[in-house]
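Undergrad: when you get a sec, could you give me coordinates for this:
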Amino acid sequence: MKESALSIWIGQWSAVPPVETTDLSGKTVLVVGANVGIGLEASKHFARMQPARLIIACRSEAKGKVALAEIKQETGYNGCELWIIDLAKFASVTAFADKFEKEGGDLHILVMNAGIAQPGYQSTTDGWESILQVNHIATSLLSLLLIPRLVSAGRKSSTPSRLVIVSSGVHHLIIPAKEIMTSSKPLEIMSSPEWCTEHMRSRYLESKLLNIFFVRALTDRLQSITPLSAVAVTPGFCYSQLRRSWYEQPTFSFSRIALAIQELLLAWTPEQGSRQLIFGAVGGRDNEENMKGGYVSHGRLTEVADFVLSDEGRTMQDAVWNETIDILSRVSDKIAPIVQDYLVVPDSSTN
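TA: Numbers count the residues shown, from 1 in each chain. Presented below is the predicted three-dimensional model:
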């Protein structure tokens with residue numbers, strides 16, 4: 001499928017389907033990036049479904065406590081817990097996963113919603129460009145580290161566990177540069193200050209494409225009998241603090257004014273956007289096989305961008321997967337065993 005910016009904006013005028021609901025009694029739900037916006041609204045929807053445990057993972061303890069109080073006030077749910085994580089620090093991610101291994105038990109639904117967007121280059125303390133680390137590398141790290149908990153829950157349950165990665169429809173708007181597309185180490189190139197000097201404007205779009213790649217590559221490597229479905233979703237264009245970096249700039253700019261106009265004319269509320277996350281987490285149970293590796297938009301499965309489905313896209317997807325696993329294996333000594341024990345080499349692999 002090929003979508004233009006115009007068709008994406010037109011889609012914003014479509015009616016948003018009602019939120020999916022189900023009984024989450026006895027289930028554990030983890031939402032990463034849950035203190036504001038669509039993550040907070042998704043957490044409220046989960047709370048109304050009465051899971052045994054609802055863990056909201058936030059970077060800020062103060063903001064997380066405010067979110068806890070809001071969830072309880074609006075839903076009456078008392079089982080919400082606040083855990084702290086900072087995806088801009090690999091040590092925080094691995095510490096979070098270690099804590100979950102000890103205290104979390106089985107995990108039935110994992111929603112990876114944390115993400116950032118910013119206009120300029122910034123490096124994390126781990127040495128990676130920050131959008132690339134938060135939106136893709138660290139998101140992949142935590143997802144993989146929690147696979148044993150997800151699979152364990154799926155084996156004990158009547159339904160497969162769900163891993164939901166929040167991507168975006170903007171992945172339709174990006175075709176990577178040839179140098180990135182053909183490299184065996186595209187992430188290394190994309191993270192370099194020299195590359196970012198010329199290409200930073202497309203970084204957020206690229207990170208959302210990488211989310212799609214991760215979900216599809218992981219699905220290719222999960223055995224069909226593994227009780228885990230990985231799903232990518234787009235929440236649509238919503239009012240969100242994701243773009244706060246633009247509004248925090250000290251001077252007005254054309255892009256800032258254009259963004260404000262776009263939000264006024266097109267943006268959904270965070271609650272409307274959160275419905276896509278909920279569908280990815282609990283919807284489509286009557287067609288589970290299609291949900292595996294699927295892409296959710298407007299409350300239904302839809303096709304990803306043509307580039308993702310192309311030969312060039314599949315080649316880049318494999319390269320990104322291989323490099324990601326190599327990076328993460330150096331971050332955590334648990335990654336290699338998880339890959340060995342839970343994943344297989346896909347028939348389509350070029351390796």
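Undergrad: just the buried residues of stretch 225-242, please?
TA: Neighbour-count burial for stretch 225-242 flags 226-240, 242 (criterion: 16 or more other Cβ atoms under 10 Å). In this view, the C-beta of every residue, glycine as well, is placed from N, C-alpha and C.
Undergrad: oh, I was asking about stretch 197-205
TA: So for stretch 197-205, counting by 16+ other Cβ under 10 Å, buried means 199-200, 202-205.
Undergrad: do stretch 97-115 as well
TA: So for stretch 97-115, counting by 16+ other Cβ under 10 Å, buried means 97, 100, 104, 106-115.
Undergrad: what's the closest non-adjacent residue to Asn135?
TA: Ser207 (3.7 Å; Cβ to Cβ, 6 or more residues apart in numbering).
Undergrad: neighbours of that neighbour, how many?
TA: 27 (other Cβ atoms under 10 Å).
Undergrad: under the pLDDT cut-off, which ranges of the stretch 251-351 of the chain? List them.
TA: 251-265, 348-351 (pLDDT under 70).
Undergrad: if we go to 80?
TA: 251-267, 347-351 (pLDDT under 80).
Undergrad: can you give me the helices for it?
TA: Secondary structure of the stretch 251-351 of the chain by DSSP state H, counting those that start in this stretch: the helices cover 254-266, 270-282, 288-291, 306-309, 311-331, 335-342.
Undergrad: now those helices in CSV, with distance to Val66 and mean neighbour count?
TA: Supplementary listing: those in CSV, determined by distance: least, Cβ to Cβ, whole Å; neighbours: other Cβ atoms under 10 Å:
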stretch, distance to Val66, mean neighbour count
helix 254-266, 23, 12
helix 270-282, 15, 25
helix 288-291, 33, 14
helix 306-309, 38, 16
helix 311-331, 31, 18
helix 335-342, 34, 15
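Undergrad: quick one: closest of those to Ser43.
TA: Proximity to Ser43 (Cβ to Cβ) singles out helix 270-282 among those, at 8.4 Å.
Undergrad: format the helices of the stretch 251-351 of the chain as JSON lines; extra columns: distance to Leu142.
TA: Output for the helices of the stretch 251-351 of the chain, formatted as JSON lines (distance: least, Cβ to Cβ, whole Å):
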{"stretch": "helix 254-266", "distance to Leu142": "29"}
{"stretch": "helix 270-282", "distance to Leu142": "16"}
{"stretch": "helix 288-291", "distance to Leu142": "21"}
{"stretch": "helix 306-309", "distance to Leu142": "23"}
{"stretch": "helix 311-331", "distance to Leu142": "10"}
{"stretch": "helix 335-342", "distance to Leu142": "11"}
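Undergrad: so which of those helices is nearest Leu222?
TA: So among these, helix 335-342 is nearest, using Cβ to Cβ, at 7.3 Å.
Undergrad: so that closest one versus helix 311-331, what angle?
TA: 120 degrees (axes from the mean of the first three to the mean of the last three Cα atoms, to 10 degrees).
Undergrad: need the residues that contact helix 335-342.
TA: 141, 144-145, 147-148, 151, 222, 226, 325, 328-329 (Cβ atoms under 8 Å, 6 or more residues apart in numbering).
Undergrad: which of the residues you listed sit farthest apart?
TA: Most distant of these, by Cβ to Cβ, are Thr226 and Ser329, 20.7 Å apart.
Undergrad: follow-up on the earlier one: for the contacts of helix 335-342, which one is nearest Asp23?
TA: Among these, and counting by Cβ to Cβ, the member closest to Asp23 is Val151, at 21.9 Å.
Undergrad: next SSE downstream of the helix or strand harbouring the closest one?
TA: Following DSSP states H and E, one finds Val151 within helix 147-156. Remark: after helix 147-156, the chain's next helix or strand is strand 161-166, criterion DSSP H and E.
Undergrad: so which elements touch the helix or strand following that next one?
TA: Next along the chain after strand 161-166, taking DSSP H and E as the criterion, comes helix 178-181. Helices and strands touching helix 178-181, by 3 or more Cβ pairs under 8 Å, 6 or more residues apart in numbering; DSSP states H and E, are helix 186-191, helix 311-331.
Undergrad: tell me which of the helices of the stretch 251-351 of the chain lies nearest to Ser4.
TA: helix 306-309 (11.8 Å).
Undergrad: got the CA coordinates for that closest one in CSV?
TA: Taking Å, rounded to 0.1, in the frame of the first residue of the first chain, the C-alpha atoms of helix 306-309 are listed here in CSV:
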residue,chain,number,x,y,z
ASP,A,306,5.1,-0.7,-0.3
PHE,A,307,8.8,-0.2,0.6
VAL,A,308,8.5,-2.6,3.6
LEU,A,309,7.1,-5.3,1.3
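Undergrad: could you list every helix and strand in contact with that helix?
TA: helix 203-221.
Undergrad: and the strands in the stretch 51-200 of the chain?
TA: 53-58, 80-84, 109-112, 161-166 (DSSP state E, counting those that start in this stretch).
Undergrad: contacting residues around the nearest residue to Lys99 once chain neighbours are set aside?
TA: Spatially, and ignoring its direct neighbours in sequence, Lys99 is nearest to Trp83 (7.1 Å; Cβ to Cβ, 6+ apart). Taking Cβ under 8 Å, 6+ apart, we find Trp83 in contact with 55-58, 96, 99-100.
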